[in-house]
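In: Sharing a sequence plus its predicted fold:
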Amino acid sequence: MGFSEAVSVCLRKYVTFSGRAKRPEYWYFVLFMFLGGIIFGVFDYTFFGGSTETTATSIEVRSNGPLTSIFNLAVLLPSLAVGWRRMHDTGRSGLYLFFPLLVMLCLWAYLAVWGGLAQLMTGDFGAFFGGLGGIVAIGALTLMIVSPLIVLFWLIQPSQPNDNEYGPAA
């Protein structure tokens, strides 16, 4: 599967969350989204203006245009759908795609209920990290940092060679 075929398949299956997506289909669509973001960002900067800040170690470009936001909104559902189908291709439920979001929400809920969020916002890190609650929060924070890498690992896994519960092997 080539670049243009993968992009057209993903756009044709705009909100199709059933079935399977091979690695090239997923990663070519990720490349399409990356290149589209860059191209529309350049258009935004050119046509709508923006600002550029240069430091010794970095260059930061900000744009005022809507094109990149419109593009990102247009490809949001197809990107979720192809990620969902990619998880199916590795034999996992598409819900695994949201694992980092679930970890983040659980961590914030834990901090809000435990009261650690107020301590973090006021900068009282000593009180926050002292005791069992801080240890649990550190473990959850570590999981929140690692969870996107786990999902990335699942997305790069080879396809299951045989039919699975999500569809036939292509």
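Out: That came through fine. Residues are numbered from 1 along each chain as shown.
In: can I see the domain layout of the protein?
Out: 1-89, 93-170 (automatic domain parsing).
In: Distance from the shortest one to the middle of the chain?
Out: Once both centres are worked out by CA atoms, centre = their mean, to the nearest Å, domain 93-170 turns out to sit 13 Å from its chain's centre.
In: Likewise for stretch 20-39?
Out: 13 Å.
In: now the strands: where do they sit in the chain?
Out: 50-54, 59-63 (DSSP state E).
In: what would the ones you listed look like in a markdown table with mean pLDDT?
Out: Output for the strands of the chain, formatted as a markdown table (pLDDT from 0 to 100):
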| stretch | mean pLDDT |
| --- | --- |
| strand 50-54 | 84 |
| strand 59-63 | 82 |
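In: Quick check: which of those is buried the most?
Out: strand 59-63 (a mean of 13; mean count of other CB atoms under 10 Å). Every residue, glycine included, has its C-beta placed from N, CA and C.
In: Just the C-alpha atoms of that strand, please, in PDB.
Out: What follows is strand 59-63, C-alpha atoms only, in PDB (Å, rounded to 0.1, in the frame of the first residue of the first chain):
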ATOM      1  CA  ILE A  59      13.000  29.300  16.700                       C
ATOM      2  CA  GLU A  60       9.300  29.700  17.600                       C
ATOM      3  CA  VAL A  61       6.700  30.500  14.900                       C
ATOM      4  CA  ARG A  62       3.200  31.500  15.800                       C
ATOM      5  CA  SER A  63       0.400  31.900  13.300                       C
END
